[in-house]
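K.L.:
how does the following fold in three dimensions:
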Amino acid sequence: VLQADGYGGFESLYEGGRVVEAACWAHVRRPFYDLHLTGQAPLATEALQRIALIYAVEEEIRGKPPDERARLRQARAGPVLEEMYAWFRATLGRISGKSDLAGAIRYALTRWEALTRYLSDGRLEPDNNPVERAIRPLTLGRKNWLFAGSDKGGQRAAAVASLIATAKLNGLDPEAYFRRVLERIADHPVSRVAELLPWNLPSDAEAATT
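P.N.:
Numbers count the residues shown, from 1 in each chain. As a prediction, the model looks like this:
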């Protein structure tokens, strides 16, 4: 499952069904919020209020096991989303098709199946904000990453960036993690390289207590 925005470059990944799309509610919400800020778009404000209801469910179920999250989402957020879909269709029929509001609604409707996929899969989130926060340092330095030297250099930089983010998610200091990997990797069997991944390699502190 790939959870992402509606960037057209991802479309080829979904062909054949090997990768399944899960769309992002934060990207749906953003244009409604921009319209809401003008103070002249009550329908956009109503859309925000409806979207807020599905996030209220998430507040209640955060941290629960995936199966339980899926069950509670279907029971609580499912009806909210059904009403929202009907409201989107009805609203689209009575506003100008060229308006920004219509564009925001069409963005949601054309991705509806992917937007509601999180209901039945408790591993997913309603949006990909955690990923966007994780890649913010890369985004801020994007001009530097243009000079990777080659396609392979870019792939290696992406692998290193993924390891850094994964080390952080597993509570490891990235610099200390890489130091420990480099100290071991020369004599480590390639068939057991998975032992050096962040979730398998204990920190110095953990190693000292075992």
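K.L.:
so how far is P189 from the residue most central in space within the chain?
P.N.:
Geometric centre of the chain, nearest residue: N128, 1.8 Å, by C-alpha atoms, centre = their mean. N128 sits 36 Å away from P189, taking C-beta to C-beta, to the nearest Å as the criterion. Backbone N, C-alpha and C define where each C-beta goes, glycine included.
K.L.:
do L115 as well
P.N.:
45 Å.
K.L.:
can you check E15 too?
P.N.:
37 Å.
K.L.:
show me where this protein dips below the pLDDT cut-off.
P.N.:
203-210 (pLDDT under 70).
K.L.:
let's go with 50 and repeat that
P.N.:
Applying pLDDT under 50 to the chain flags the ranges 208, 210.
K.L.:
residue ranges for the strands of it, please.
P.N.:
2-3, 21-22 (DSSP state E).
K.L.:
what's the most buried one of those?
P.N.:
strand 21-22 (a mean of 20; mean count of other C-beta atoms under 10 Å).
K.L.:
partners of that strand in the sheet?
P.N.:
strand 2-3 (parallel) (DSSP bridges).
K.L.:
the nearest residue in space to L124 that is not next to it in sequence and P126: what is the separation?
P.N.:
Excluding the flanking residues, the one nearest L124 by C-beta to C-beta, 6 or more residues apart in numbering is Y118, at 4.0 Å. According to C-beta to C-beta, Y118 and P126 sit 6 Å apart.
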